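J.: Dropping a prediction and its sequence here:
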Amino acid sequence: MLETEGLTIRFGGHAAVDGVSCAFHPGTLTAIVGPNGAGKTTYFNLISGQLAATSGRVRLKGRDITTLAAPRRARLGLGRAFQLTNLFPNLTALENVRLAVQANSGRVLDLLGRASRHRDLADRAMAHLAAVALADRAAAVSATLSHGDQRKLEVAILLALEPDVFMFDEPTAGMSVDDVPAVLDVIAAIKARGDKTILLVEHKMDVVRALADRIVVLHHGQLVADGPPAEIIASDVVREAYLGGAAEAGHG
(Lines give C-alpha, C1' and ligand atoms only; values in the text may rest on other atoms or scores of the structure.)
Protein backbone atom coordinates (compact mmCIF):
# COMPACT_ATOMS: atom_id res chain seq x y z
CA MET A 1 0.00 0.00 0.00
CA LEU A 2 2.77 2.44 0.97
CA GLU A 3 6.51 2.28 0.40
CA THR A 4 9.52 4.50 0.91
CA GLU A 5 12.72 3.80 -1.00
CA GLY A 6 15.98 5.41 0.12
CA LEU A 7 14.02 8.33 1.54
CA THR A 8 16.36 11.12 2.61
CA ILE A 9 16.20 14.75 3.63
CA ARG A 10 19.18 16.92 4.47
CA PHE A 11 19.24 20.20 6.33
CA GLY A 12 22.64 21.65 5.52
CA GLY A 13 25.07 18.81 6.16
CA HIS A 14 22.74 16.92 8.49
CA ALA A 15 20.59 14.02 7.24
CA ALA A 16 17.45 14.13 9.41
CA VAL A 17 16.15 11.07 7.55
CA ASP A 18 18.86 9.01 5.92
CA GLY A 19 18.06 6.45 3.22
CA VAL A 20 15.00 4.86 4.85
CA SER A 21 13.43 2.04 2.82
CA CYS A 22 10.30 0.48 4.25
CA ALA A 23 7.03 -1.04 2.99
CA PHE A 24 3.69 -0.93 4.80
CA HIS A 25 0.87 -3.37 4.08
CA PRO A 26 -2.94 -3.27 4.37
CA GLY A 27 -4.35 -4.68 7.59
CA THR A 28 -1.23 -3.92 9.61
CA LEU A 29 -0.29 -1.36 12.24
CA THR A 30 3.36 -0.34 12.28
CA ALA A 31 4.71 1.61 15.25
CA ILE A 32 7.63 3.91 14.44
CA VAL A 33 9.72 4.54 17.53
CA GLY A 34 13.06 5.95 18.56
CA PRO A 35 14.58 8.54 20.92
CA ASN A 36 14.25 12.31 20.57
CA GLY A 37 15.71 13.55 17.31
CA ALA A 38 15.54 10.11 15.70
CA GLY A 39 13.68 11.46 12.66
CA LYS A 40 10.25 9.94 13.29
CA THR A 41 8.10 13.01 12.67
CA THR A 42 10.38 14.16 9.83
CA TYR A 43 9.86 10.76 8.18
CA PHE A 44 6.10 11.26 8.55
CA ASN A 45 6.40 14.74 7.03
CA LEU A 46 8.23 13.30 4.01
CA ILE A 47 5.59 10.62 3.50
CA SER A 48 2.62 12.99 3.83
CA GLY A 49 4.18 15.79 1.76
CA GLN A 50 4.82 18.47 4.39
CA LEU A 51 8.51 18.26 3.47
CA ALA A 52 10.16 17.63 0.10
CA ALA A 53 12.70 14.81 0.00
CA THR A 54 16.30 15.50 -0.92
CA SER A 55 16.41 12.07 -2.53
CA GLY A 56 14.51 8.79 -2.54
CA ARG A 57 10.94 7.86 -3.38
CA VAL A 58 7.48 7.57 -1.79
CA ARG A 59 4.96 5.24 -3.45
CA LEU A 60 1.27 4.88 -2.63
CA LYS A 61 -0.54 1.88 -4.13
CA GLY A 62 2.37 1.53 -6.54
CA ARG A 63 2.21 5.14 -7.72
CA ASP A 64 5.20 7.46 -7.27
CA ILE A 65 3.89 10.39 -5.21
CA THR A 66 7.29 11.85 -4.26
CA THR A 67 6.73 15.18 -6.02
CA LEU A 68 3.04 15.59 -5.16
CA ALA A 69 1.89 18.22 -2.66
CA ALA A 70 0.26 17.17 0.60
CA PRO A 71 -3.36 17.91 -0.50
CA ARG A 72 -2.94 15.74 -3.60
CA ARG A 73 -1.52 12.90 -1.52
CA ALA A 74 -4.50 13.19 0.82
CA ARG A 75 -6.94 12.92 -2.10
CA LEU A 76 -5.15 9.76 -3.20
CA GLY A 77 -5.79 8.13 0.17
CA LEU A 78 -3.04 9.25 2.55
CA GLY A 79 -4.51 10.49 5.86
CA ARG A 80 -2.46 12.27 8.51
CA ALA A 81 -3.17 13.33 12.09
CA PHE A 82 -0.59 15.72 13.51
CA GLN A 83 1.16 16.19 16.83
CA LEU A 84 -0.42 19.65 16.88
CA THR A 85 -4.10 19.93 16.09
CA ASN A 86 -5.03 21.18 12.64
CA LEU A 87 -8.62 22.46 12.89
CA PHE A 88 -10.88 25.31 11.81
CA PRO A 89 -10.83 27.06 15.19
CA ASN A 90 -13.97 29.17 14.72
CA LEU A 91 -16.21 26.34 13.52
CA THR A 92 -18.00 23.87 15.75
CA ALA A 93 -16.82 20.31 16.15
CA LEU A 94 -19.70 19.14 13.97
CA GLU A 95 -18.93 21.70 11.26
CA ASN A 96 -15.27 20.64 11.19
CA VAL A 97 -16.21 17.01 10.63
CA ARG A 98 -19.07 17.82 8.25
CA LEU A 99 -16.67 19.70 5.99
CA ALA A 100 -14.43 16.62 5.89
CA VAL A 101 -17.39 14.37 5.08
CA GLN A 102 -18.52 16.82 2.41
CA ALA A 103 -15.05 17.07 0.87
CA ASN A 104 -14.78 13.30 0.76
CA SER A 105 -18.20 13.02 -0.89
CA GLY A 106 -17.13 15.32 -3.72
CA ARG A 107 -19.94 17.80 -3.11
CA VAL A 108 -19.34 21.53 -3.41
CA LEU A 109 -18.50 23.01 -0.02
CA ASP A 110 -21.34 25.27 1.09
CA LEU A 111 -21.11 26.55 4.64
CA LEU A 112 -24.14 28.81 4.10
CA GLY A 113 -26.38 26.19 2.52
CA ARG A 114 -29.49 24.97 4.27
CA ALA A 115 -28.70 22.17 6.69
CA SER A 116 -31.65 20.14 5.39
CA ARG A 117 -29.88 19.76 2.06
CA HIS A 118 -27.00 17.99 3.72
CA ARG A 119 -28.73 16.05 6.51
CA ASP A 120 -26.98 12.84 5.50
CA LEU A 121 -23.61 14.61 5.73
CA ALA A 122 -24.42 15.86 9.21
CA ASP A 123 -25.56 12.41 10.28
CA ARG A 124 -22.31 10.86 9.08
CA ALA A 125 -20.34 13.60 10.80
CA MET A 126 -22.18 12.89 14.06
CA ALA A 127 -21.35 9.20 13.73
CA HIS A 128 -17.64 10.05 13.48
CA LEU A 129 -17.88 12.35 16.50
CA ALA A 130 -19.60 9.56 18.43
CA ALA A 131 -16.78 7.18 17.50
CA VAL A 132 -14.30 9.39 19.35
CA ALA A 133 -16.67 10.13 22.26
CA LEU A 134 -17.35 13.72 21.20
CA ALA A 135 -21.05 13.60 20.30
CA ASP A 136 -21.91 15.67 23.36
CA ARG A 137 -19.47 18.38 22.20
CA ALA A 138 -20.79 18.64 18.63
CA ALA A 139 -22.03 22.23 19.04
CA ALA A 140 -18.88 23.47 20.77
CA VAL A 141 -16.56 25.80 18.83
CA SER A 142 -13.38 23.85 18.31
CA ALA A 143 -11.15 26.60 19.72
CA THR A 144 -12.94 26.23 23.06
CA LEU A 145 -12.34 22.49 23.32
CA SER A 146 -9.71 21.07 25.65
CA HIS A 147 -6.48 19.87 24.08
CA GLY A 148 -7.58 16.26 24.48
CA ASP A 149 -10.92 16.94 22.80
CA GLN A 150 -9.18 18.78 19.95
CA ARG A 151 -6.99 15.73 19.38
CA LYS A 152 -10.08 13.51 19.34
CA LEU A 153 -11.76 15.90 16.91
CA GLU A 154 -8.81 15.65 14.53
CA VAL A 155 -9.13 11.85 14.61
CA ALA A 156 -12.84 12.22 13.79
CA ILE A 157 -11.92 14.39 10.78
CA LEU A 158 -9.43 11.79 9.66
CA LEU A 159 -12.10 9.08 9.93
CA ALA A 160 -14.43 11.24 7.82
CA LEU A 161 -11.87 11.43 5.01
CA GLU A 162 -11.80 7.61 4.82
CA PRO A 163 -8.14 7.28 3.76
CA ASP A 164 -6.45 4.03 2.79
CA VAL A 165 -3.46 4.90 4.99
CA PHE A 166 -3.89 6.34 8.48
CA MET A 167 -0.86 8.16 9.90
CA PHE A 168 -1.06 8.99 13.61
CA ASP A 169 1.72 11.17 15.04
CA GLU A 170 1.66 10.70 18.83
CA PRO A 171 -2.17 10.74 18.93
CA THR A 172 -2.34 10.66 22.73
CA ALA A 173 0.26 13.39 23.38
CA GLY A 174 -0.98 15.91 25.93
CA MET A 175 -4.17 13.99 26.65
CA SER A 176 -5.51 13.31 30.09
CA VAL A 177 -5.62 9.70 31.25
CA ASP A 178 -9.40 9.73 30.78
CA ASP A 179 -9.15 10.85 27.14
CA VAL A 180 -6.62 8.28 25.95
CA PRO A 181 -8.84 5.15 25.76
CA ALA A 182 -11.32 6.74 23.32
CA VAL A 183 -8.59 7.43 20.75
CA LEU A 184 -6.88 4.08 21.23
CA ASP A 185 -10.22 2.30 20.81
CA VAL A 186 -10.77 4.10 17.49
CA ILE A 187 -7.31 3.11 16.23
CA ALA A 188 -7.92 -0.50 17.32
CA ALA A 189 -11.26 -0.47 15.49
CA ILE A 190 -9.63 0.79 12.28
CA LYS A 191 -7.05 -1.96 12.56
CA ALA A 192 -9.74 -4.58 13.18
CA ARG A 193 -11.34 -3.77 9.82
CA GLY A 194 -8.31 -5.41 8.21
CA ASP A 195 -8.25 -3.28 5.05
CA LYS A 196 -6.41 -0.16 6.22
CA THR A 197 -2.71 0.54 6.63
CA ILE A 198 -1.82 2.29 9.89
CA LEU A 199 1.44 4.04 10.82
CA LEU A 200 1.81 5.18 14.41
CA VAL A 201 4.55 7.38 15.86
CA GLU A 202 4.30 6.80 19.59
CA HIS A 203 6.67 6.99 22.55
CA LYS A 204 4.38 5.29 25.08
CA MET A 205 5.50 1.70 24.95
CA ASP A 206 2.33 0.35 26.55
CA VAL A 207 0.40 1.78 23.59
CA VAL A 208 2.88 0.27 21.14
CA ARG A 209 2.66 -3.15 22.78
CA ALA A 210 -1.14 -3.07 22.75
CA LEU A 211 -1.60 -2.04 19.12
CA ALA A 212 1.42 -2.77 16.95
CA ASP A 213 1.92 -5.73 14.63
CA ARG A 214 5.39 -4.47 13.84
CA ILE A 215 7.92 -2.00 15.21
CA VAL A 216 10.29 0.08 13.11
CA VAL A 217 13.09 1.79 15.01
CA LEU A 218 14.75 4.97 13.76
CA HIS A 219 17.95 6.42 15.18
CA HIS A 220 19.87 9.39 13.78
CA GLY A 221 17.52 9.27 10.81
CA GLN A 222 18.37 5.69 9.91
CA LEU A 223 16.25 2.55 10.14
CA VAL A 224 18.09 0.38 12.66
CA ALA A 225 15.52 -2.33 13.48
CA ASP A 226 12.32 -3.67 11.94
CA GLY A 227 10.32 -6.65 13.14
CA PRO A 228 7.61 -8.12 15.37
CA PRO A 229 7.12 -6.28 18.68
CA ALA A 230 8.25 -9.18 20.85
CA GLU A 231 11.46 -9.56 18.87
CA ILE A 232 12.27 -5.84 18.81
CA ILE A 233 11.40 -5.23 22.46
CA ALA A 234 13.46 -8.28 23.50
CA SER A 235 16.56 -6.97 21.77
CA ASP A 236 18.87 -5.62 24.47
CA VAL A 237 20.64 -3.19 22.17
CA VAL A 238 17.44 -1.79 20.70
CA ARG A 239 15.58 -1.66 24.01
CA GLU A 240 18.34 0.10 25.89
CA ALA A 241 19.58 2.43 23.18
CA TYR A 242 16.33 3.31 21.44
CA LEU A 243 13.13 2.08 23.05
CA GLY A 244 14.30 3.17 26.48
CA GLY A 245 14.82 6.70 25.23
CA ALA A 246 11.55 6.63 23.32
CA ALA A 247 9.63 5.41 26.35
CA GLU A 248 10.93 8.21 28.51
CA ALA A 249 10.95 11.12 26.10
CA GLY A 250 8.71 12.79 23.64
CA HIS A 251 8.76 14.03 20.08
CA GLY A 252 10.99 12.78 17.29
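T.: Thanks, I have the structure now. All values reported here derive from a predicted model rather than from experimental measurement. Numbers count the residues shown, from 1 in each chain.
J.: hey, let's count contacts and neighbours off CA atoms from now on
T.: OK.
J.: what's stretch 53-64 in contact with?
T.: Residues outside stretch 53-64 that contact it (C-alpha atoms under 8 Å, 6 or more residues apart in numbering) are 1-10, 19, 46-47, 65-66.
J.: Name the member of the residues you listed with the most neighbours.
T.: residue 47 (27 neighbours; other C-alpha atoms under 10 Å).
J.: Quickly note the distance from that residue to residue 174.
T.: According to C-alpha to C-alpha, to the nearest Å, residue 47 and residue 174 sit 24 Å apart.
J.: Give the helix, strand or coil label for residue 80.
T.: Here residue 80 is recorded as strand under DSSP: H, G, I helix; E, B strand; the rest coil.
J.: wouldn't it be in contact with residue 48 here?
T.: Yes: if you go by C-alpha atoms under 8 Å, residue 80 and residue 48 touch, sitting 7.0 Å apart.
J.: so where do the strands sit in the stretch 151-252 of the chain?
T.: With strands called from DSSP state E, counting those that start in this stretch, the stretch 151-252 of the chain shows them at 165-169, 197-201, 214-219, 222-227.
J.: pLDDT weak spots in this structure?
T.: Low-confidence segments of the chain (pLDDT under 70): 81-86, 106-118, 237-252.
J.: Show me how it divides into domains.
T.: 1-77+165-252, 88-162 (automatic domain parsing).
J.: Helices of the protein, residue ranges please.
T.: With helices called from DSSP state H, the chain shows them at 40-48, 70-75, 93-105, 119-131, 147-161, 180-193, 205-211, 229-234, 236-238, 244-248.
J.: Turn those into JSON lines, columns for distance to residue 54.
T.: Below are these laid out as JSON lines (distance: least, C-alpha to C-alpha, whole Å):
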{"stretch": "helix 40-48", "distance to residue 54": "10"}
{"stretch": "helix 70-75", "distance to residue 54": "16"}
{"stretch": "helix 93-105", "distance to residue 54": "31"}
{"stretch": "helix 119-131", "distance to residue 54": "37"}
{"stretch": "helix 147-161", "distance to residue 54": "28"}
{"stretch": "helix 180-193", "distance to residue 54": "32"}
{"stretch": "helix 205-211", "distance to residue 54": "30"}
{"stretch": "helix 229-234", "distance to residue 54": "29"}
{"stretch": "helix 236-238", "distance to residue 54": "28"}
{"stretch": "helix 244-248", "distance to residue 54": "26"}
